[in-house]
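>>> Sequence below, structure please.
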Amino acid sequence: MAGVSEGASGVPDPRLRAYVLGYEGYLLHGFAPGTHVGMPGSVLTVIITIDEPIHVPVSSHPEQAGGHWDMLASGLTVRPAVIAHHGFQHGVQLNLTPRGCRALFGMPAAALGSWIVNLADVLGPRAAELRERLSLLRAWSQRFAVIDEILLRRVDPVHWDGELAHAWTLLSGPDPAVRVAEVADEIGWSRRHLGSRFSAEFGITPKDAVRVARFERSHRLLRESVPPPLAEVAAVAGYYDQAHMAREWRELAGMPPSMWRESEEFPFVQDQRAAEIGD
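The predicted structure follows:
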């Protein structure tokens with residue numbers, strides 16, 4: 001039987017949108033058992049499972065052993081993780097901004113780094129309430145409303161350094177020609193000071209933020225139903241050439257893009273776009 005992917009995308013309450021970019025509900029079943037790659041990205045990941053724990057045999061942190069989580073949170077990383085499945089996954093993913101890490105977890109993204117942690121360790125008792133209430137509901141829109149309610153009880157708006165926020169916006173943004181030195185000049189910092197402050201807040205370097213943004217652009221293009229030729233993807237995403245893109249993909253995804261296109265059959269949790277705030 002061919003695998004079935006069901007789910008919905010949700011937009012958070014306006015009061016949360018500086019902290020959470022979106023909700024992705026997913027129900028995947030009927031696939032052959034296997035693994036897929038958790039890709040690096042410019043958002044922090046929170047996953048709340050509804051039925052079964054998520055199994056991550058290979059963490060993005062080289063010193064962390066694999067494990068099973070009912071709920072997890074992970075920071076920014078430049079390494080892939082491996083997610084194992086037996087053909088079924090059901091849950092909700094939240095895509096947090098670095099500012100959201102401070103507002104919801106009370107810590108900078110660098111404090112999480114590339115570790116995977118139990119959501120209860122950073123969200124507190126509300127995490128257990130969140131999972132329990134989501135499991136009792138069937139409509140995605142109702143589940144997203146519960147997430148809004150619980151996060152609004154938790155959120156604590158914090159001061160956000162203007163220069164640092166601007167640097168993040170530029171370095172993780174859509175411009176493929178962005179340069180770290182130019183961003184440092186624009187905000188009036190030395191490149192060394194930018195690197196120190198940036199890494200202390202986000203857990204990755206300014207250069208790595210540019211790499212991840214470039215990788216995300218190429219990843220989006222390659223997920224299209226009819227993806228452009230690899231050379232075109234490399235040019236649009238901001239790589240020097242196709243060989244440069246392949247090298248970066250080997251480091252960030254563990255394989256070149258051509259291999260990923262051939263081997264990935266189980267949809268990414270991060271890619272669910274089945275319906276907009278659907279039931």
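
>>> how about Val210, secondary structure?
Here Val210 is recorded as helix under DSSP: H, G, I helix; E, B strand; the rest coil.

>>> what do you get for Pro228?
coil.

>>> what's the pLDDT at it?
The score at Pro228 is 94. That number is its pLDDT.

>>> Any idea how many residues pack against it?
For Pro228, the tally of surrounding residues (other Cβ atoms under 10 Å) stands at 13. All C-beta spots, glycine's among them, are computed from the backbone N, C-alpha and C.

>>> isn't it right next to Ala234, touching?
No - between Pro228 and Ala234 no contact is recorded; they are 9.6 Å apart, counting by Cβ atoms under 8 Å.

>>> Report the buried residues of the longest strand seen in the chain.
Among the elements of the chain assigned as strand by DSSP state E, the one spanning the most residues is strand 20-29. Of the residues in strand 20-29, those with enough neighbours to count as buried (16 or more other Cβ atoms under 10 Å) are Val20, Leu21, Gly22, Tyr23, Glu24, Gly25, Tyr26, Leu27, Leu28.

>>> Direction included, what does it pair up with?
Strand 20-29 has the following sheet partners, assigned by DSSP bridges: strand 4-10 (antiparallel), strand 89-96 (antiparallel).

>>> Would you reformat those as TSV and include mean neighbour count?
Conversion of the strands paired with strand 20-29 to TSV gives the following (neighbours: other Cβ atoms under 10 Å):
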stretch	mean neighbour count
strand 4-10	18
strand 89-96	23
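
>>> give me the element Asp51 is part of.
Counting by DSSP states H and E, Asp51 is held by no secondary-structure element, helix or strand.

>>> can you pull out the strands in this protein?
Assigned by DSSP E, the strands in the chain fall at 4-10, 20-29, 34-38, 44-49, 54-58, 65-69, 71-74, 81-85, 89-96, 116-118.

>>> Show me what the shortest one is packed up against.
By that I understand strand 116-118. For strand 116-118, the elements it packs on are strand 65-69, strand 71-74, judged by 3 or more Cβ pairs under 8 Å, 6 or more residues apart in numbering; DSSP states H and E.

>>> so of these, which one's packed in deepest?
Comparing those on average neighbours per residue, with mean count of other Cβ atoms under 10 Å, the densest one is strand 71-74 at a mean of 24.

>>> about what we covered before: the strands paired with strand 20-29: lowest mean pLDDT?
With a mean of 88, strand 4-10 has the lowest mean pLDDT of those.

>>> Can I get that one in CSV? Just the C-alpha atoms.
As requested, the backbone C-alpha atoms of strand 4-10 are provided in CSV (Å, rounded to 0.1, in the frame of the first residue of the first chain):
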residue,chain,number,x,y,z
VAL,A,4,-0.5,8.4,3.1
SER,A,5,0.4,11.8,4.4
GLU,A,6,-2.3,13.8,6.2
GLY,A,7,-1.9,16.9,8.1
ALA,A,8,-2.4,20.7,8.4
SER,A,9,-0.5,23.9,8.7
GLY,A,10,-1.5,26.5,11.3
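
>>> Same question for stretch 130-139: list its buried residues.
Buried residues in stretch 130-139, counting neighbours by 16+ other Cβ under 10 Å, are found at Leu130, Arg131, Leu134.

>>> measure the second one to His90 for me?
Which is Arg131. Computed with Cβ to Cβ, to the nearest Å, the distance linking Arg131 and His90 is 12 Å.

>>> ok, now Leu27?
Separation of Leu27 from His90 (Cβ to Cβ): 5 Å.
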